[in-house]
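Engineer: got a predicted structure plus its sequence, pasted below:
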Amino acid sequence: MKIPSLAIIATMLALTAISAGEPPHNRVPSWAAEAVWYQIFPERFWNGDRGNDPAPPDLSGGWPFFAPEDWQIHPWTSDWYELQPWEKNIEWSRVLDWAKPGEPNFDACAGLRRYGGDLQGVIDRLDYLRELGVTAVYFNPLFESPSLHKYDAAMFHHIDNNFGPDPGGDRHLWENEHPADPATWHWTAADLLFLELIRECRQRGIKVIIDGVFNHTGNTFWAFRDLLKNQQKSPYKDWYVIKQWDDPATPGNEFDYQCWNGIHTLPEFRQDENGLASGPREHVHAIVKRWMDPDGDGDPSDGIDGWRLDVAEKVHLNFWKEFRGWVKEINPEAYLTGEVWWEDWGQYRMFNAAPWFDGAFDAVMNYRFARALQQFVINRAQQISAQAFVDSLQAVYRDYPWQNVLACQNLMDSHDVDRLASQIVNPDRWYDHGANPLQNPAYDVRKPTDLERRKQRLIIGLQMALPGAPMVYYGDEAGMWGADDPDCRKPMLWPELQYDAEAAHPLRKSRPADSVAFDQQLFEWYKKLIALRRRNRELALGGIEFLQTGDIAGEATDKVGSEAKPAPKTLAFRRDWEGQTCVVAVNSGEEAASIELNPGENITPGAVLTDLLDNSAQPLPAAKISVSLEPLEIKIFKITPSSRHQ
């Protein structure tokens, strides 16, 4: 039997709906499906200006609420797990009540580390991104904050001063503002450098979106600091959810409030039936206008191209629908993507994000895609069959409108999970579970083997060939590996730098030393596959028809278009768009396989079959294509009429 071509049907329906007048509130940007995303964690990408490096006062208010007198910027090329002298001198039991005397506490040290990444560093490396083939960048939070991750904002209307060229001058400008009144806001040196970064990206054809963290603020946020000081008399007392006010008649501080996941550095905004309550709602609207049309002239070309919205499920959907209206009024081609993934982490259940596509978001970070690929390619003892992988993908295609499927950010990793390379080193786990040595002492922190790198190459091939906009987490293409936070946030690998080997272990275990260097061969593979996707638009815009699968046990399931029994762990599919056709064949097994398949209907007689990875071409066989696949190999074929073949 033939696997249902649900995606082709969905494509036709989506195109029909658009041509018939798709409601404007649901339309995705015209560029979204063809984007190749790259996620940048700013503090770890590149230190382009050592004059703006953070100092201990810049860490004030952020966890772990302490910086030793001998604190220093961390050496960019050092062994990640090796503690610097100032880190070794810390007695954490005097700082954290749960710390044990004498323990080095690597995770706490990692929270104190700063490497000096900044906006100038990104500008300096934009040509690297252009060479890789990136067309869109998602920045983790850029707004002022005492932490390395910036999810605990001190303000939304200014870029962090340590990301810009004049930290002291920026602080002086802050002091002359009323943060609740946009009319008093200045443009700091960091703000202006960010606008320059946007211009530089525009010149290279790169879109820019930034993280919007609007469910909560940091405990150093200007409105929350006023609330701490003035309690019930604060004009911002209704911005947050206060559980108990401080009683000045007692020696203790009873002040308590609602916060994200019980973390008291992240107080949550108050909400009503429409999301953010009055006060924060208007403030966020002003923030949207500031960064999407900085000069307020009605031309959004000097502003960001959209938002990634943090912990989106925590904010009422009605607010996101209103937020979309604010955004699309400024720039109808702006892109909105949400962090909507774990519905129940403990039960391993991810959200069906369909409700957010009805008038709120264009896309989500597609962790359902990541989980399916992990199960099909990475897992060994728990590897799912090709048919089960197809079932997982088609569940998404059934759940989401096709235009949103194409716009979703198809990622394998991010700042919130272990890196792709380390996922491969540590198979047979639930995705985003037991993903670092603190959670799972058996987690292996070593460098991937050559075989494991082959798996990474296969995954990237699938990421570029399947529906959805691929997203690369910074450094994956350079060969970076690392467990979940904090290890997924190492400083970027650059080809001209010499890095210390990784020989230390966070749990002080013995381990072989792993060399650390930019992986040029892996970079070239990413670059090649990205270019292939961009040249063959059917891989971005086309429908999908699954031609054949082989199950994990080695038993074949007959499919229309194949007389032979498919090999175990093999998969073939076809992508079509406006007369352009690609056929993709995959072997996720560690043994060679051979399959024969029918490329499908509507193929012109005399067509030419071109292997896009080695550029070899041959006349298309009349009936079947015989494909030999090495272990962990992907092949991508282009079918073109003979008259168009060059």
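Structural biologist: Done, it's in. Numbers count the residues shown, from 1 in each chain.

Engineer: report the buried residues of stretch 297-311.
Structural biologist: 300, 303-311 (16 or more other Cβ atoms under 10 Å). Using the backbone N, CA and C atoms, a C-beta is placed for each residue, glycine as well.

Engineer: three-state assignment of residue 174?
Structural biologist: Classification of residue 174 using DSSP: H, G, I helix; E, B strand; the rest coil returns helix.

Engineer: show me what contacts it?
Structural biologist: 155, 158, 186, 188 (Cβ atoms under 8 Å, 6 or more residues apart in numbering).

Engineer: sorry, back to before: among the buried residues of stretch 297-311, which lie within helices?
Structural biologist: Assigned to helices by DSSP state H, none of the buried residues of stretch 297-311 qualify.

Engineer: could you dump those to JSON lines with distance to residue 166?
Structural biologist: Formatted as JSON lines, the buried residues of stretch 297-311 follow (distance: Cβ to Cβ, whole Å):
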{"residue": "300", "distance to residue 166": "27"}
{"residue": "303", "distance to residue 166": "22"}
{"residue": "304", "distance to residue 166": "22"}
{"residue": "305", "distance to residue 166": "26"}
{"residue": "306", "distance to residue 166": "28"}
{"residue": "307", "distance to residue 166": "27"}
{"residue": "308", "distance to residue 166": "27"}
{"residue": "309", "distance to residue 166": "30"}
{"residue": "310", "distance to residue 166": "28"}
{"residue": "311", "distance to residue 166": "32"}
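
Engineer: farthest pair within those?
Structural biologist: 300 and 311 (25.9 Å; Cβ to Cβ).

Engineer: how much space separates residue 400 from residue 64?
Structural biologist: Residue 400 sits 41 Å away from residue 64 when distances are taken as Cβ to Cβ, to the nearest Å.

Engineer: pick out whichever of the two has more residues nearby.
Structural biologist: residue 400 (24 against 17; other Cβ atoms under 10 Å).

Engineer: what pLDDT does the more buried one get?
Structural biologist: At residue 400 the predicted local confidence, pLDDT, stands at 98.

Engineer: cool, and the one 5 residues further on?
Structural biologist: Model confidence at residue 405, expressed as pLDDT, equals 98.

Engineer: do residue 100 as well
Structural biologist: At residue 100, pLDDT is 89.

Engineer: I'd guessed it sits against residue 108; true?
Structural biologist: No: with contact defined as Cβ atoms under 8 Å, residue 100 does not reach residue 108; the gap is 11.6 Å.

Engineer: the two: who's more crowded?
Structural biologist: residue 108 (19 against 9).

Engineer: residue 527: helix or strand, and which one exactly?
Structural biologist: Assigned by DSSP states H and E, residue 527 falls within helix 520-535.

Engineer: CA atoms only: put that helix into CSV for me.
Structural biologist: Extracted in CSV, the C-alpha atoms of helix 520-535 (Å, rounded to 0.1, in the frame of the first residue of the first chain):
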residue,chain,number,x,y,z
GLN,A,520,36.4,22.3,8.4
GLN,A,521,35.1,19.1,6.8
LEU,A,522,31.9,19.3,8.8
PHE,A,523,31.5,23.0,8.0
GLU,A,524,31.8,22.2,4.3
TRP,A,525,29.1,19.6,4.5
TYR,A,526,26.7,22.0,6.2
LYS,A,527,27.6,24.6,3.6
LYS,A,528,27.0,22.2,0.7
LEU,A,529,23.6,21.0,2.0
ILE,A,530,22.4,24.5,2.8
ALA,A,531,23.4,25.6,-0.8
LEU,A,532,21.7,22.6,-2.2
ARG,A,533,18.5,23.4,-0.4
ARG,A,534,18.6,27.1,-1.5
ARG,A,535,19.2,26.2,-5.1
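
Engineer: all set now, cheers.
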